[in-house]
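Q: What follows is a predicted structure for the sequence shown.
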Amino acid sequence: MSTILEHPDAQALLDQTDVSPGTVRACGRHLNAFVQRYLPCFYRDEQRAHADTVLRGKLTGLQRKTTEPIASQARQKRRPLQHFVGAGKWPDPAVRGELRRHVAGELADPDAALVVDGHGVPKRGDDSCGVWRQWCGRLGKVDNCQQGYVLAYVAPRGKALVDADLYLPAERAADKEHRAKTHVPKGVAFREGWRIALDLVRSCGPDLPHGWVTGDDEFGRAAAFRAELRLDRERYVLDVPCNTQVRDLSTPRPAARPGGRERLAAWERADAWAARQPKGRWRTLVLPGGEKGLRRVRALQQRVQAREEGGAVGPSERLVVIKSCEKKPRTWYTLSNARQEVPLAAVVRAHAARHGVEELLEEGGQEVGLNHYEVRSWLGWQHHLTLSLLALWFLQLERLRLGGEK
């Protein structure tokens, strides 16, 4: 039986993955410089020392990258490190603000996308802040989990997770005992997921040049989210469910009686509208290479109105349907407020940036312990995410310096 090593391109691929001892030593020097940039964000010397220890621990080969094994590997006491991550009085906003400035300095691009996404982590117990039976994307079902929301910056040169916030279900927000046990700040109230995402975009957007906001159908189906982005003059392309009711604005029906006005087209599902379009309307496009190389997709578009909650009629938007060119094609239905002069290819490329956040979350879980939670408080969750975002950003920087996926 042949193996992958017998493939004609095998040796060339192996050569590309070779990392010399000199390169590894350079990574160590880069990490020292990286850490030094962020240490001034911490108030005290011991906090700076703990931040250095945790970041280095997250970038090692530890199987589980929580504070106990990190402390053991660094030959330090466990409790001070656990307190630093779980309850330390240091400012997440300051550290994340420096992260965004760093990302902008390396990746800034006016055509970049801010990508919002949910991040659910399954939980067995219910002692951690915000844990509830709710939809968990990692499991693909409703289960006991802790739900957060993240914001990624995806640019032509690279990508990074730049901010995150924890979702507090309405039941937990109203539970005084749970709030006290997990130290939820008084000012934190229940917010829908799309409102958390909107706050992330508004807080990070000014720091990061971008041309698009993208996200999956959790955000696209929220008409209020799209409306707020329009008010903020943000250009978006957001997934919507295939059963979204739309009205084609290009095909008015004849008047009901002679001399009357033409009537607007009937409402129909987005997938039904796409299914009856002639083949000649679809355009084949090639998307830039991601981790799986160049991808071909087919797309079509039309100006439509969407029916919103309570039967309200939305403004004119672009319905863009995108279908992958695979044996088992995937189809995305999206709404965008991009102006008519923006080419279809530009909208489709912006939509493709959404997959960057999935790659970052996967790498974060595999490489820096993003999903290795041992904290239970509101503050502990925020601290854990901040340190994980920094470690993941360092990996992205090293990938850029090495010039590929080594």
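A: Arrived safely. Residues are numbered from 1 along each chain as shown.
Q: where along the stretch 51-200 of the chain do the helices fall?
A: 67-73, 78-87, 92-107, 170-173, 176-181, 193-204 (DSSP state H, counting those that start in this stretch).
Q: try the stretch 201-350 of the chain
A: 217-220, 223-231, 270-275, 344-352.
Q: Ok, which of the helices of the stretch 51-200 of the chain comes nearest residue 325?
A: helix 92-107 (28.8 Å; Cβ to Cβ). Every residue, glycine included, has its C-beta placed from N, CA and C.
Q: What mean pLDDT does that closest one get?
A: Here helix 92-107 scores 97 as its mean pLDDT.
Q: For that helix, buried residues please.
A: 92, 95, 96, 97, 99, 100, 102, 103, 104, 107 (16 or more other Cβ atoms under 10 Å).
Q: I figured the first one hits residue 384, correct?
A: No: with contact defined as Cβ atoms under 8 Å, residue 92 does not count as touching residue 384 (10.0 Å).
Q: can you put the helices of the stretch 201-350 of the chain in CSV and add distance to residue 329 and mean pLDDT?
A: Output for the helices of the stretch 201-350 of the chain, formatted as CSV (distance: least, Cβ to Cβ, whole Å; pLDDT from 0 to 100):
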stretch, distance to residue 329, mean pLDDT
helix 217-220, 18, 96
helix 223-231, 26, 97
helix 270-275, 12, 97
helix 344-352, 15, 97
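Q: For those, state which one has the densest average packing.
A: helix 217-220 (a mean of 22; mean count of other Cβ atoms under 10 Å).
Q: Remind me what that one packs against, helices and strands.
A: helix 193-204, strand 236-240 (3 or more Cβ pairs under 8 Å, 6 or more residues apart in numbering; DSSP states H and E).
Q: ok, back up a step: now do the shared contacts for residue 92 and residue 384.
A: Overlap of the contact sets of residue 92 and residue 384 (by Cβ atoms under 8 Å, 6 or more residues apart in numbering) is empty.
Q: Quickly compare the helices and strands packed on helix 217-220 and say which is most buried.
A: Comparing the helices and strands packed on helix 217-220 on average neighbours, where mean count of other Cβ under 10 Å defines a contact, strand 236-240 leads with a mean of 25.
Q: For that one, report the contacting residues that lie outside it.
A: 212-217, 219-221, 225-226, 229, 270, 306, 320, 332-338, 347, 350-351, 354.
Q: before we move on, the earlier item: and residue 58, which of the helices of the stretch 51-200 of the chain is closest to it?
A: helix 67-73 (7.4 Å).
Q: that older thread, would TSV of the helices and strands packed on helix 217-220 with distance to residue 396 and mean pLDDT be doable?
A: Output for the helices and strands packed on helix 217-220, formatted as TSV (distance: least, Cβ to Cβ, whole Å; pLDDT from 0 to 100):
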stretch	distance to residue 396	mean pLDDT
helix 193-204	16	97
strand 236-240	23	98
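Q: Output the ones you listed in a markdown table; the columns should cover distance to residue 370.
A: Listed next are the helices and strands packed on helix 217-220 as a markdown table, based on distance: least, Cβ to Cβ, whole Å:
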| stretch | distance to residue 370 |
| --- | --- |
| helix 193-204 | 17 |
| strand 236-240 | 23 |
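Q: Quick check: which ranges of the stretch 301-406 of the chain have low pLDDT?
A: 404-406 (pLDDT under 70).
Q: which residues in it form strands?
A: Assigned by DSSP state E, counting those that start in this stretch, the stretch 301-406 of the chain shows strands spanning 313-324, 331-336.
Q: packing partners for the longest one?
A: Which is strand 313-324. helix 223-231, helix 270-275, strand 293-307, strand 331-336, helix 344-352.
Q: Now distance to residue 325 too, for those, in JSON lines please.
A: Formatted as JSON lines, the helices and strands packed on strand 313-324 follow (distance: least, Cβ to Cβ, whole Å):
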{"stretch": "helix 223-231", "distance to residue 325": "28"}
{"stretch": "helix 270-275", "distance to residue 325": "16"}
{"stretch": "strand 293-307", "distance to residue 325": "4"}
{"stretch": "strand 331-336", "distance to residue 325": "11"}
{"stretch": "helix 344-352", "distance to residue 325": "13"}
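Q: Go through the helices of the stretch 51-200 of the chain and name the closest to residue 368.
A: helix 67-73 (11.3 Å).
Q: for that closest one, which positions count as buried?
A: 67, 69, 70, 71.
Q: so can I have JSON lines of those residues showing pLDDT and distance to residue 324?
A: Listed next are these as JSON lines, based on pLDDT from 0 to 100; distance: Cβ to Cβ, whole Å:
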{"residue": "67", "pLDDT": "92", "distance to residue 324": "41"}
{"residue": "69", "pLDDT": "93", "distance to residue 324": "40"}
{"residue": "70", "pLDDT": "95", "distance to residue 324": "40"}
{"residue": "71", "pLDDT": "94", "distance to residue 324": "45"}
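Q: and which of those residues is nearest residue 84?
A: residue 67 (7.9 Å).
Q: what residues are up against the closest one?
A: Here residue 67 is in contact with 54, 78, 81, 82, 84, 85, 374 (Cβ under 8 Å, 6+ apart).
Q: Not counting sequence-adjacent ones, nearest residue to the last one?
A: Which is residue 374. With Cβ to Cβ, 6 or more residues apart in numbering as the criterion, residue 374 has its nearest non-adjacent residue at 4.5 Å, and that residue is residue 66.
Q: ok, how many other residues are close to that neighbour?
A: Neighbour count of residue 66, defined by other Cβ atoms under 10 Å: 21.
Q: ditto for residue 209
A: Residue 209 - counted by other Cβ under 10 Å - has 15 other residues nearby.
Q: and it, what does it touch?
A: 104, 108, 109, 110, 112.
Q: Could you do residue 220 as well?
A: By Cβ under 8 Å, 6+ apart, residue 220 lies in contact with 226, 238, 239, 240, 334, 335.
Q: Please apply the same query to residue 141.
A: residue 135.
Q: and the gap between residue 347 and residue 206?
A: 24 Å (Cβ to Cβ, to the nearest Å).
Q: actually residue 356, sorry about that
A: 21 Å.
Q: and the two? which has more neighbours close in?
A: Neighbours were counted for residue 356 and for residue 206 using other Cβ under 10 Å; residue 356 has more, 24 against 8.
Q: correct me, but that one touches residue 154?
A: Yes: if you go by Cβ under 8 Å, residue 356 and residue 154 touch, sitting 3.7 Å apart.
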